[in-house]
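**Student:** when you get a sec, could you give me coordinates for this:
(chains A, B, C and D)
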2 protein chains.
Amino acid sequence: MPRVIKHPEFRREELLDHAQTLFLTQGYDKASLNDVIASAGVSKGAFYHYFPSKEALLEALADRFARQALAGVQDIIDDPGLDPLDRLNGLLSQSRRAKIETAPEAWTLFETMFRPENLVLFHRINLAASASFSPLLVKIIRQGIEDTTFRTFDPEGVADIVMQFGMATHDVVAKAIAGGSDADMEIAIEALEKRVRLYEIALDRILGLPDGSIRIGEPGYVRTVMTARQRKSAGKALAKPDI
Amino acid sequence: MPRVIKHPEFRREELLDHAQTLFLTQGYDKASLNDVIASAGVSKGAFYHYFPSKEALLEALADRFARQALAGVQDIIDDPGLDPLDRLNGLLSQSRRAKIETAPEAWTLFETMFRPENLVLFHRINLAASASFSPLLVKIIRQGIEDTTFRTFDPEGVADIVMQFGMATHDVVAKAIAGGSDADMEIAIEALEKRVRLYEIALDRILGLPDGSIRIGEPGYVRTVMTARQRKSAGKALAKPDI
DNA sequence: TGAATTACAGACCGTCGGTCGGTATGGTAG
DNA sequence: CTACCATACCGACCGACGGTCTGTAATTCA
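**Tutor:** The predicted model follows:
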């Protein structure tokens, strides 16, 4: 094979791109290194020039995901006009807005991420993301305690609970997606909507707020997202998400 | 090697035992099938006579764990003299009692289960355990709603939260264990104790109970467990996991 | 322009999970 | 007791895997 030389930074990103596609479609274990380098059009020597192991590739990929997720909420973090409750609500509903807007690609990525063969990949991403998000949440909660909006004795603990709820929501979503028939989907949507309401009230009470303060998503948003997803996958059955 | 024939049931359990040891000490991925069959003193043919794949071995092991965990709480489930709150409290503090009593073995198992290389194993166990425990929790919560002890509109959701809290506790424990020095340990114990209090109050409020109704563990129990563990491992300073 | 460094190529290696043809064993029917 | 058969078990073998190594083309800089 001819020798092709590219800017190292570009090559690295390219490898990450192809790895992402393959890891998400086939799972980290099942996608072999040979698959990755074949897809990227790169020799083994080149790969091991950029990453010390397959594991390191996974790690780098997880980091990239986490950085992207963090970038998606920077505006909410930076906005000086927001009080702690607004900021928290903004963070909680951020993924929602993003998902509705960029529905098609984001959702294929999203639903593949929850397939069981992607457990390891998902866990790594989550680890990296948690490490980034936790301090942000703690800071917001601390501010809320100072100006007496929130009331709790364990900001770190509450931050953990918030992230747990976020993940658990996704878990319920995953189950909803897995269901086949329209009837299944309808039930799943109903359950998910109820679950979101529960999480809202739970956070209200944990933070010492009046019921209805925390808003993860307005009523009906679950249905909006899910049906949007359904329409998309109706046209073309599982488009390849090439990033 | 000579041909040794044992009762199939016994052989199967034997294989599970050796797999458990190796998977826990080295992790599911790192422990090879050859390791398992060498440890069990069995040929490859024999292994594949009992299990269709390495994956199936993992599954069977997770099932066994789940069944054991379920058996450990059967008395609480069956006790007709308990009201829903007692039963819930009993379930939540069960692992505690069991862990203090059978401290040494249970704890080595417990802490190895949270090592990162055991992610897959742990997840499988959790999946199987959740499937068993969730219906029990839902039933208890439903009873509590009927006799107006509890107040919530989503019993399944609350059951999920309870299990999440249980797992999250273990996660904090894992971090505590990971910490090296005594000072680290002291901080971790403090944090964990605080976290348990938070989960108790959170569940109180989610279930519409007065603060202080849910008791996961009495104050000081974390310290009891952790120091018991420390004494045990004090004799030998961090044995190299000879991978 | 030439030496050093970087970016790549691909043959090769040990080990992995899994397969397969074969053999010993225990139960059972004649 | 014997013939037979299903079951329990053995271990050589296989393709594919992650990772290593030697070597070479391109780039950089003195």
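
**Student:** how many neighbours does residue A:82 have?
**Tutor:** Counted with other C-beta atoms under 10 Å in any protein chain shown, residues neighbouring residue A:82 total 15. (C-beta placed from N, C-alpha, C; glycine too.)

**Student:** not counting its neighbours along the chain, what's nearest it?
**Tutor:** Counting by C-beta to C-beta, 6 or more residues apart in numbering or on different chains, residue A:82 lies nearest to residue A:90, which is 6.6 Å off, once chain neighbours are set aside.

**Student:** what about the residue of chain A found nearest chain B, which SS state?
**Tutor:** Per C-beta to the nearest C-beta, residue A:205 is where chain A lies closest to chain B, at 3.7 Å. Following DSSP: H, G, I helix; E, B strand; the rest coil, we place residue A:205 in the helix state.

**Student:** could you do residue A:208 as well?
**Tutor:** Going by three-state DSSP, the secondary structure assigned to residue A:208 is coil.

**Student:** contacting residues for it?
**Tutor:** A:150, A:151, A:152 (C-beta atoms under 8 Å, 6 or more residues apart in numbering or on different chains).

**Student:** swap in residue A:90?
**Tutor:** Residue A:90 sits in contact with A:73, A:76, A:79, A:82, where contact means C-beta under 8 Å, 6+ apart.

**Student:** what about it, helix or strand, and which?
**Tutor:** With secondary structure defined by DSSP states H and E, residue A:90 is part of helix A:84-101.

**Student:** and that helix, average pLDDT?
**Tutor:** Average pLDDT, helix A:84-101: 74.

**Student:** now swap in stretch A:34-51 and tell me
**Tutor:** Confidence for stretch A:34-51, expressed as mean pLDDT, is 96.

**Student:** got a list of contacts for it?
**Tutor:** Contacting residues not belonging to stretch A:34-51 are listed as A:1, A:4, A:8, A:11-12, A:14-15, A:17-19, A:21-22, A:26, A:33, A:57, A:60 [C-beta under 8 Å, 6+ apart].

**Student:** low-scoring stretches of chain A, by residue?
**Tutor:** Counting by pLDDT under 70, chain A has low-confidence residues at A:1, A:94-107, A:170, A:173-174, A:177-180, A:221-222, A:225-243.

**Student:** tally of neighbours for the residue in chain A positioned nearest to DNA strand C?
**Tutor:** At 2.0 Å from DNA strand C, residue A:45 is the closest residue in chain A, using C-beta to the nearest atom of the strand. Other residues lying near residue A:45 total 8 when counted by other C-beta under 10 Å.

**Student:** which element is it on?
**Tutor:** helix A:44-50.

**Student:** again with residue A:121
**Tutor:** Element membership for residue A:121 (DSSP H and E) is helix A:119-146.

**Student:** chain center to the helix or strand following that helix, what's the gap?
**Tutor:** Remark: after helix A:119-146, the chain's next helix or strand is helix A:155-178, criterion DSSP H and E. Put simply, helix A:155-178 sits 10 Å off its chain's centre (C-alpha atoms, centre = their mean, to the nearest Å).

**Student:** which parts of helix A:155-178 are buried?
**Tutor:** Residues of helix A:155-178 classed as buried by neighbour count (16 or more other C-beta atoms under 10 Å in any protein chain shown): A:155-166, A:168-170, A:172-174, A:176-177.

**Student:** who in chain A is up against chain B?
**Tutor:** Proximity of chain A to chain B, by C-beta under 8 Å from any C-beta of the partner chain, involves residues A:119-120, A:123, A:152-154, A:156-158, A:160-161, A:164, A:168, A:191, A:194-195, A:197-199, A:201-202, A:205-206.

**Student:** please repeat the previous calculation with a cut-off of 6 Å.
**Tutor:** A:119, A:123, A:154, A:157, A:164, A:168, A:194, A:195, A:198, A:202, A:205, A:206 (C-beta under 6 Å from any C-beta of the partner chain).

**Student:** hang on, the earlier thing: only the buried subset of the contacts of residue A:90, as a ChimeraX command please.
**Tutor:** To isolate in ChimeraX the members of those that are buried, counting by 16+ other C-beta under 10 Å, one can use:
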select /A:73,76
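
**Student:** now, the most widely separated pair of the residues of chain A next to chain B?
**Tutor:** The largest separation in these, counting by C-beta to C-beta, is between A:119 and A:205 at 31.9 Å.

**Student:** can you give me the domain assignment for chain A?
**Tutor:** Listed by automatic domain parsing, the domain ranges of chain A are A:8-51, A:63-235.

**Student:** interface residues of chain A facing DNA strand C?
**Tutor:** A:1-6, A:8, A:11, A:42-46, A:48-50 (C-beta under 7 Å from any atom of the strand).

**Student:** buried stuff in the host helix or strand of residue A:189?
**Tutor:** Using DSSP H and E, residue A:189 sits within helix A:182-206. Buried residues in helix A:182-206, counted by 16+ other C-beta under 10 Å: A:185, A:188-189, A:191-206.

**Student:** swap in stretch A:45-55?
**Tutor:** A:46, A:47, A:50, A:51, A:54.

**Student:** ok so, going back, among the contacts of residue A:208, who's most crowded?
**Tutor:** Highest neighbour count within those, by other C-beta under 10 Å: residue A:150, with 22 neighbours.

**Student:** for that residue, what are its contacts?
**Tutor:** Contacts for residue A:150 were tallied using C-beta atoms under 6 Å, 6 or more residues apart in numbering or on different chains; they are A:141, A:144, A:207.
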